[in-house]
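Student: return a 3D structure for these sequence lines:
(chains A, B, C and D)
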Number of protein chains: 2
Amino acid sequence: MSKVLTIGRLAEATGTSVETIRFYEKSGILPSPARTDGNYRSYEPAHLNRLSFIRRARELGFSLDQVKELLRLSDDRSQSCAAVDDIAKLHRTEVERKISDLLSLKTELDRIIDTCRCGTVADCRIIESLSPADAARSEGDVTA
Amino acid sequence: MSKVLTIGRLAEATGTSVETIRFYEKSGILPSPARTDGNYRSYEPAHLNRLSFIRRARELGFSLDQVKELLRLSDDRSQSCAAVDDIAKLHRTEVERKISDLLSLKTELDRIIDTCRCGTVADCRIIESLSPADAARSEGDVTA
DNA sequence: GTTAGACCCCGTAGTCACTATGGGGTTGAG
DNA sequence: CTCAACCCCATAGTGACTACGGGGTCTAAC
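Tutor: Numbering: from 1, shown residues only, chains lettered A, B, ... in the order given. Reported below is the predicted structural model:
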């Protein structure tokens, strides 16, 4: 019968903070548990499973809305999992786009960092790379 | 004499929204411009340069605090640009970490998506990958 | 002269997924 | 009985904007 958990134990078991668990409850993604006489939350194993699912999906970068939808779909186990597949693939596409954005970003950072001789700011290639190409110095430089 | 810009023209010239420009002003990163009789903001070329700098740095993923610091450093053009270099390199390190995180993420997403035969949710490998390994189904599954 | 539309003003609230703060109540060990 | 460790709740803060609502101004046509 000692299967019920306090919020602190649930937090520890799932690597979640207590505040985050309360936040999930308020967000409607984790159901409100029963309360003890002292008004403490009292969690069942089902809560542990659900919270583990949420944390795992969050680790994989799914948004809370996506997690909600995944949970809703997983509740009806007879349904086709095509919708699940759609969410996962959409997320993968987003991840791929982010990777490619960050890779070009890194290329550019490499470029501006490597060309800098690290003299004075006046000659700094990094600052130069950030400054507008046609900045009319006579009109005032980047300093407004 | 027609070098002063309304906020709308400045927005257009820099690919920034009007709201964002006002937000930058309130954040103290873009100086408050003079006002016209009708209380409209009236921007000089120096503002255009500074805003271009900010947008370019933001495109490269620097935080607004980092941009503030870069601007402060770029104001004293006789200083060593070592501090600029530090900010840029720190940022590059963060970008590299993000890329590597996202790459492992993608590997895992590929794995769970590819193994899914897309039958019913009960057999869905994606849902399974998200569910706790030792979930006792008899205790209630992921549904709380 | 006035009216329509485009532009501008300001303050506030909303986004996402938490995190932090503050002020209190409960529980269990010594 | 007291003390620490735990729990409760509500509210505000994070970053970098974006959206909204309710108003004022400017310009050009009628």
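Student: buried residues in stretch A:85-105?
Tutor: A:85, A:87, A:88, A:91, A:92, A:95, A:98, A:99, A:102, A:105 (16 or more other C-beta atoms under 10 Å in any protein chain shown). (Each C-beta comes from the backbone N, C-alpha and C, glycine too.)
Student: now for the residue nearest to the spatial centre of chain A: which residues touch it?
Tutor: Centroid-nearest residue in chain A, with C-alpha atoms, centre = their mean: residue A:61, separated by 5.3 Å. By C-beta atoms under 8 Å, 6 or more residues apart in numbering or on different chains, the contact list for residue A:61 reads A:91, A:95, B:105.
Student: residues contacting the least confident helix or strand in chain A by mean pLDDT, please?
Tutor: Ranked by mean pLDDT, DSSP states H and E, the weakest helix or strand in chain A is helix A:125-130, scoring a mean of 87. The contact list for helix A:125-130, computed with C-beta under 8 Å, 6+ apart, reads A:111-113, A:115-117, A:121, A:142, B:53, B:56-57, B:60, B:70, B:73-74, B:81, B:84-85, B:88.
Student: and residue A:38, how close does it get to chain B?
Tutor: Shown here: residue A:38 relative to chain B, a distance of 22 Å by C-beta to the nearest C-beta, to the nearest Å.
Student: pretty sure that residue sits in a helix.
Tutor: No. When DSSP: H, G, I helix; E, B strand; the rest coil is applied, residue A:38 is found to be coil, with no helix at that position.
Student: run a quick neighbour tally on it.
Tutor: A total of 5 residues lie near residue A:38 under the criterion other C-beta atoms under 10 Å in any protein chain shown.
Student: give me the phi and psi for it.
Tutor: Dihedral pair for residue A:38: phi -80, psi 10, per degrees, to the nearest 10.
Student: close to DNA strand D: what parts of chain A are there?
Tutor: Selection of chain A residues close to DNA strand D by C-beta under 7 Å from any atom of the strand yields A:6, A:7, A:8, A:9, A:11, A:18, A:19, A:22, A:39, A:40, A:41.
Student: these also near DNA strand C: which ones?
Tutor: Okay, of these touching DNA strand C (C-beta under 7 Å from any atom of the strand), that's A:19, A:39, A:40.
Student: give the contact list for the last one.
Tutor: Contacts were defined as C-beta under 8 Å, 6+ apart; by that measure residue A:40 touches A:6, A:7.
Student: now it: how far from residue A:34?
Tutor: 10 Å (C-beta to C-beta, to the nearest Å).
Student: surely residue A:66 and residue A:58 touch.
Tutor: No. Using C-beta atoms under 8 Å, residue A:66 is not in contact with residue A:58, being 9.5 Å away.
Student: could you count how many residues lie near residue A:15?
Tutor: Neighbours of residue A:15 under the rule other C-beta under 10 Å: 11.
Student: tell me which helix or strand the nearest residue to residue A:4 once chain neighbours are set aside sits in.
Tutor: Once flanking residues are discounted, residue A:4 sits nearest to residue A:42: 4.7 Å by C-beta to C-beta, 6 or more residues apart in numbering or on different chains. Per DSSP states H and E, residue A:42 falls inside strand A:41-42.
Student: so what strands line up beside that strand?
Tutor: strand A:34-35 (antiparallel) (DSSP bridges).
Student: which helix runs longest in chain A?
Tutor: Ordering each helix of chain A by length in residues (DSSP state H) puts helix A:82-114 first.
Student: what packs against that helix?
Tutor: Applying 3 or more C-beta pairs under 8 Å, 6 or more residues apart in numbering or on different chains; DSSP states H and E, we find helix A:82-114 packed against helix A:64-75, helix A:125-130, helix B:82-114, helix B:125-130.
Student: mind listing what whichever residue of chain A sits closest to DNA strand C touches?
Tutor: Closest residue of chain A to DNA strand C, C-beta to the nearest atom of the strand: residue A:38 (2.2 Å). Going by C-beta under 8 Å, 6+ apart, residue A:38 touches no other residue.
Student: just to revisit the earlier point, inside strands: which ones of the residues of chain A next to DNA strand D?
Tutor: residue A:41 (DSSP state E).
Student: so which of the residues of chain A next to DNA strand D belong to helices?
Tutor: Among the residues of chain A next to DNA strand D, DSSP H puts A:7, A:8, A:9, A:11, A:18, A:19, A:22 in helices.
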